[in-house]
Structure formats: structure tokens, C-alpha cells
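Asks: sequence and predicted structure are below.
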Amino acid sequence: MKHSTFLLFTLPSLSVMFLFIAIPIVSVFIQSLHIEHKQVIIVSENCDPFGCETTTSVDTEASAKLKEKAPLGKFNGFKTYSNRMHFAFDEIGEAWNSSDSFIAFVKKIYNYPLYRALSFTLTYTFVVTPFVLFLGFLVALGVNNLPKLLKGPTIFASLLPMIVTPLVGSLILFWMVDGDGVIGATLQKIFNDNSLSLKASPVLTWVMLMVYGIWHLMPFSFIVFYAGLQTVPHETIEAATIDGASKFQRTRHVVIPHLMPLAIFITLILLMDNFRVFEPIISFRAEAHATSISWLIWNHLRESAYPLYNAAGATSMITIFCVGILLLPVLIRTWRDFNEKNKG
Amino acid sequence: MFLKKLILGGLTALFFSSSLFAADCGPNGQSIRILASDFPAIHAIANSAESNCAGSASEFTRNHTTEARQIMNAAQTPDPAEYTSVIVANSTLVQLMNDGLVRPLNDLVEKYGGNLKSNQLITIDGKIMAIAFMANSQHMYYRTDILDKAGVDGMPATYDEIISAAEKIRSAGIMEHPLVMNLKVGWNVGEVFNTIYLAHGGEFFKQGSAEASINNAKGIAALETMKALVEYAHPDHLTQASDDTQGLWEAGQAAIGFMWGSRGGVILDNEGSSAEVTSNTVLSAAPTVTGGSIPGATLWWDGITIATNVSDSEAEATFAALVSGMTSEMVAANNDDAIWLIDGFKPGPAAAGVSATAQGGAKSYPMFAQMGLLHNALGAELVDFLKGSESAEQALSDVEAVYETAAKDAGYL
């Protein structure tokens, strides 16, 4: 294909990407460098049905004048990135100097929202991704070996966790693990402990969220692997069988290498998806024990009276940066494979 | 047939009586658009405004949503605003006022406010910014039968008495977790701290500034009290908000509750619970600290406001319509839906808790412009302490640090 034809072909999608992806990212970045203007605060006497109190209120006229001059807000540089809500450089320096052991230092770091969120987000990503890959592959193999009659219904049933809206799916599970729910009450009975609560223990909450994540995402890797299994060449399998390869050996040496590009694709998507874990934290009401990077962004914006656009913007930029780092090894590998193929 | 006639007759009489004293609806042919939260008392006010004045208005629309707080600033900022009136509470009035989205009502009150009582007027530096119509607060709920069974004399009135009563219930083997409180991470857990901190006589900010001042002896005492209470709360307490605690109460799984007054009517009615629970549930004042006098609660009011960014005649018609609904007839018809601040309210058992709490001298929810930011910080940072992984001092200094960062970004410091 000529370069100009290629360019013309991709022009619509490139321009849409520029308009709806590149520009918003730049605008979010610019927003993250600015904070709100100083609010002009006045002390005021406030009376309600229960009596009078001295409080403060915002002098809206004076504040509006400031806003008119510079609608973006006050330029703050990268201070939002370095403050306590994000990388907390000053606080960490202090923690390093005042801690006598590495564990004490890590404990102190865990007190800052970004690091706390990162620790859950990364654990979630690196636990859920391999499980989903592996289990999805097993399910695909299993379904592939089923008699034709059973295949359709089994595929449908296996896809259900993904069809159910994440919010609804996790809410259902949330009620089930309640002390009065099916799972919660059964566990209490098994361990003979009436105060056992999946929601009250940090470790169990993490486990619950990850099990939910695996349950919810497995159909995705299953269906992609299943599609891939249909393309495994019969000739190679037959040849391997004639050579005396067992079923396991055929899977190990023929099927898996054939599906490798797919596995890389799934890994890429899963890493990105899992890094942005959000809904289960909301519907499991797990904020006390587990927060994620996406939850932080939501948390910055949630209070409509005081939305912290700068903090949300900075956290978003950090998310993009982290996803980039996560994907880097996979991307480099793909790039190397591509180059080798072209040389060969 | 007789009954039908009676009802019909009653309705006709009502219709004639209301048309006899025809409500003053202000300028004709105006558009009235109301944004409000979604609970029975607000429906009652809006219904009565609509039946009085929808006829003379060109348009009368209502948007009742529990998410009103989240959309109100965005909806009211453009000119003309999306709604001519927003029905607010303490904290949401501040939220609108911070952006200058509500207008002073002094002239309108003079013209249409004949039936308003002076304690309904919410004034800020002498300017009337809202007209309150109902009150709400947290307070105690007790199951008298269980307290009796556990050998507790009378109803606990202080935090210490509550803790010892809970211990008695536990050691008597009646309930392992007799206490319910709204401790869901975020707003709810912050609000519980606010109430206990106020009971200890705490102040949230340094006088006349936006600098937080909660990391002090009173703050630590409040947290210790909170921790002692939480020992007796349901293990899942960090996930429980009003609906969940009400559910536990109605299921008979709790004996001592610290819940909203607005749940009183719903808990005491004969739906969703057994007679054993409802007949033994008693509502009483929020607790004080031992030897203290301030009930640990925040008093709330709900009231009407008028938008800044609408024409004067629309504002006038909206105000007249809403005020025309605040009558003793409306209160009589909806007596148990709220703790009404309007004449004609007869406090029933569902109102006992809020009345006792207000009379005991509880404080209003603080109306500082920057209060919401501190409340958010409390909601996020106290959890580590309650989980036992952090000291009270550390938790409070975290709250102040988080608040300071957010307040700087939002321009309050």
C-alpha cells in the first residue's frame, strides 16, 4: 500500500483520536497544573431555627472577580503532583529520616493515599491478570472438547459473568457475603465464628475483590482463547499425534505456541483494565480496606461543592503514566518479534 | 357507599375551604421549577405548593432526586438557571452560597411571608437566605425490652452509660453486637465524629480562619469514645449507612441505635418489622459526655431557597407558591412525615428524639464555607484509627494534613 493511501485510510480515525483522546489528555494535564483562586472569606453571623453561630462564608463577588481575570485558576506548577495527595515527596523524605527500620518506613508510606491506592491496584493487577489468563485458557480448552450439543449452552453460561453489569454483579456478591447472606452465613457456620465478616477484615476484602475480578473477567480471556482454538491447524495436530505426542504434549507444544500472540493481546488488555479497577470497590463498599487509583480520581471529583479538578487531573496523568510503564515490557517484546519477522 | 360520600364530602369541603382562603401566588403566568431531594416531607411541601399555584403558573415542574446535592451547583450556575428554587439543608445551602447561587429573600418575606415564624428564617449577616420548614438530627433509639432483660436501669443518657449498657447486653448473652450506627466510610463516619466531637465541646476551626483545629484533647477524647462504641457495633459497620442500620433495627438485631430522626416514622410504622420491635422501640435524645450538657448530634434543617439567576418575577412566583404550601393544614395532613417547624405540628413518638435533642441544646451542623472539605477528610482518614491500625493523634493529624492540602487547592487557605 502506498504511504499516501495508508494515510488517507487512517485519517478519519487519526483525527477522531486526536480530537477525543489527545486534546482531552492535554487539557487534563493543563488543568492539573492549576488550583482554584483564593476564596475571599468573610466572618458572618448565621442564624437558624436552633440559634445563632459565628461562621464563615465566601464573598462571592470578590471571588468572582478573581476568577474572571484567570478562568483556569491559579498556576501551581507541579506542586499538585508532589503534594500529600499524590507523591508526597516532602512527607516521604521526613518519614525516611524519622524511621529506624525499613518496615516502619513502608508503614508510614502506606499512610499516603496514592501509595495506598497503588499497593492495592498493583496487587490486584498482578494477581488477577495471570489467573484470568490461565483459567480462561482452561475453560476454553474444556469447552472445545465438549460434544457439539452442549457447546452452545456452556458458552452462554460461561459468558454470563461478563454480561452482568459490573455494578450489579458485585452488588449481588456484596449481599451474598454479608453476615446474613448465603456465603457469609455459610462461612460463619463452617468456622463456627459468628463475628467472622468478609467485609471487616482487610485481607479478606482484598481476596474478595480479586476473586470477583477473576470471576468477572475470565469470560473475556475464555472467549478470545476459544476463538483462537478454532484456528489451530488440524494438520499439525494430526502430525503430532502420529509422532506419538500425548494430549498434554500436543497442547504444550502445538496449541500454546499457536495461541501466544493472542495471550499477549489479552495480557495487554487485562493489564490496562485491571489497573483501572473501580466499580467493585464502590459496590463492595471496600474503601476502608482497599482503594484504587481510579477510586482516587472519583473521590477527588465526588463532592460537587468542592471538586478538586487539579487533584483529579494529576491522578489521571499518573494513571496514564503507570499504564504506560506496565505495558512497556509487553510492547517492547511485540516490537522485537515484529522486527525479527520482518528481517526473517 | 356512605364512606364514599363522606370522603367525597370531606374532599369538597377541603377544596372549598382552600379556595375560600385562596393562596396568594404572586405574579401570574410564570415558570416555577423546583429541584429537591426525595423524601415524604419534601413531597408534602411541593404537593401543596403545586395544588395551590400550578393553575396560575405557566409551568410547574419538580425534580425530586436523592442526587440533588450532586447536580445543584451545575444546574444553577447558568443564567437563566435550570431551577427557580432548590430545596436545601444546612450543608447544601453553604454549597450554593459558596458559588453565589441563592438570592436574599428579605423583600419577598415581607410581601408573602405573613404565615412564617421568625425561627424559620435562616439569616446570614441579616440577609434571609432560606426558609426552613423541618428539622432533623441524629439521636438514640432503644429497645426497652432488651434493656430490661439485660438489667439496665432506665435509658442511657451518656456515652459511658451506653457503653456499659451494651456490655451488659453482650455479657447477658442477648446480642453480641447490640449497637448500630451509620459508620460507612466517607460522609457517615465523618458525621459520627462531628457529633461526638461537638458533645465534647470541640471547635472545628480556629476562630475566624479556615485553619482546622481538631487535633487536640477534645478530638482525641471524641475518637476514644467512638472507638469504645464501635466495639459493640456490627462487624460490618464500616459499610453501613442509614438503610442498613434501619434494616438491622427492623430485623430486631440491635438494641441501641444512633440513627437519624427522619428514620423514626419509618421504623415505628407497622411495615417492615415485627410488633415486638416497634412496640418496644423508644426514641430519646442524643447522648452527652459524662458530666457534659451538649447532646452529641448535629441539628439539621431543610428549607427553600430561590435562585439568583432567574428573573425577579419568576423568583417572586416561586417563593409565593412554596410559602403558600407551608400551612398548618399541610402539616396536619402530613404530621408524622417530619419534625415540622410550621405552626400546627403535633409531635408524636417519632418526633420525641429530635425534640429532646434540640431542647437539650445540640449544635447545628456547622455552616462554615469550608466545612465540607474537613468533613471529607474526616470521612477518609478516621478509618485507620477505627480499624486499630493507627493512633488517635496520628489519625487527627492526617485529617488536618489532608484537609490542608484540599483547602489549599480549593482556595480556602
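Replies: It's in.

Asks: I figured B:W300 hits B:A132, correct?
Replies: No - in this structure B:W300 lies outside contact range of B:A132 using CB atoms under 8 Å: 9.5 Å. (C-beta placed from N, C-alpha, C; glycine too.)

Asks: quick check: neighbours shared by those two?
Replies: Any residue near both B:W300 and B:A132 by CB atoms under 8 Å, 6 or more residues apart in numbering or on different chains counts here, and not one turns up.

Asks: which one's more surrounded, those two?
Replies: More neighbours surround B:A132 than the other of B:W300 and B:A132, with 27 against 24 (other CB atoms under 10 Å in any protein chain shown).

Asks: so the more buried one, which state does it fall into?
Replies: Under DSSP: H, G, I helix; E, B strand; the rest coil, the three-state class of B:A132 is strand.

Asks: one more: the one 3 residues further on?
Replies: Secondary structure, three-state DSSP: B:A135 is strand.

Asks: one more: B:Y83?
Replies: coil.

Asks: all strands for the stretch 151-300 of chain B, in order.
Replies: Ranges of strands within the stretch 151-300 of chain B are B:179-181, B:256-260, B:281-284, B:298-306, based on DSSP state E, counting those that start in this stretch.

Asks: check chain A too.
Replies: For chain A, the strands defined by DSSP state E occupy A:34-35, A:41-48, A:51-58, A:74-75.

Asks: tell me which residues of the third one are tucked away?
Replies: Meaning strand A:51-58. For strand A:51-58, the neighbour count (16 or more other CB atoms under 10 Å in any protein chain shown) marks A:55-58 as buried.

Asks: run through who's touching that strand.
Replies: By CB under 8 Å, 6+ apart, strand A:51-58 touches A:39-47, B:94, B:97-98, B:100, B:124-125, B:205, B:208, B:210, B:363-364, B:366-370.

Asks: what's around residue 259, how many residues?
Replies: No chain was given, so I picked chain A. A:L259: 20 neighbours (other CB under 10 Å).

Asks: switch to chain B, please.
Replies: 23.

Asks: look up how far B:L283 lies from B:K184.
Replies: Separation of B:K184 from B:L283 (CB to CB, to the nearest Å) stands at 22 Å.

Asks: do B:D125 as well
Replies: 36 Å.

Asks: okay, those two: which has more neighbours?
Replies: B:L283 (24 against 13).

Asks: which strand or helix spans B:Y142?
Replies: Using DSSP states H and E, the element containing B:Y142 is strand B:127-143.

Asks: may I have the strands that pair with that strand, each with its orientation?
Replies: Paired strands of strand B:127-143, with direction, are strand B:121-124 (antiparallel), strand B:256-260 (antiparallel), strand B:281-284 (antiparallel), strand B:298-306 (antiparallel), strand B:339-340 (antiparallel) (DSSP bridges).

Asks: quick check, the residue in the stretch 1-150 of chain A closest to chain B?
Replies: Going by CB to the nearest CB, chain B is nearest to A:T60 of the stretch 1-150 of chain A, at 3.2 Å.

Asks: tell me how the chain divides into domains.
Replies: Picked chain A for this. According to automatic domain parsing, chain A comprises the domains A:40-75, A:112-343.

Asks: was after chain B, sorry
Replies: B:17-136+B:300-353, B:138-298+B:361-410.

Asks: hang on, A:F265 packs against A:A227?
Replies: No - counting by CB under 8 Å, A:F265 does not reach A:A227; the two are 11.3 Å apart.

Asks: any low-confidence regions in the chain?
Replies: You didn't say which chain, so I picked chain A. Scanning chain A for pLDDT under 70 picks out A:303-304, A:344.

Asks: you answered for a different chain; I wanted chain B.
Replies: Those would be B:1-22, if you go by pLDDT under 70 across chain B.

Asks: before we move on, what SS does B:R62 have?
Replies: What three-state DSSP gives for B:R62 is strand.

Asks: now do the same contact list for residue 100.
Replies: By default, I'm working from chain A. By CB under 8 Å, 6+ apart, A:D100 has no neighbours at all.

Asks: could you do chain B instead?
Replies: Here B:G100 is in contact with A:58, A:60-61, A:64, B:308 (CB under 8 Å, 6+ apart).
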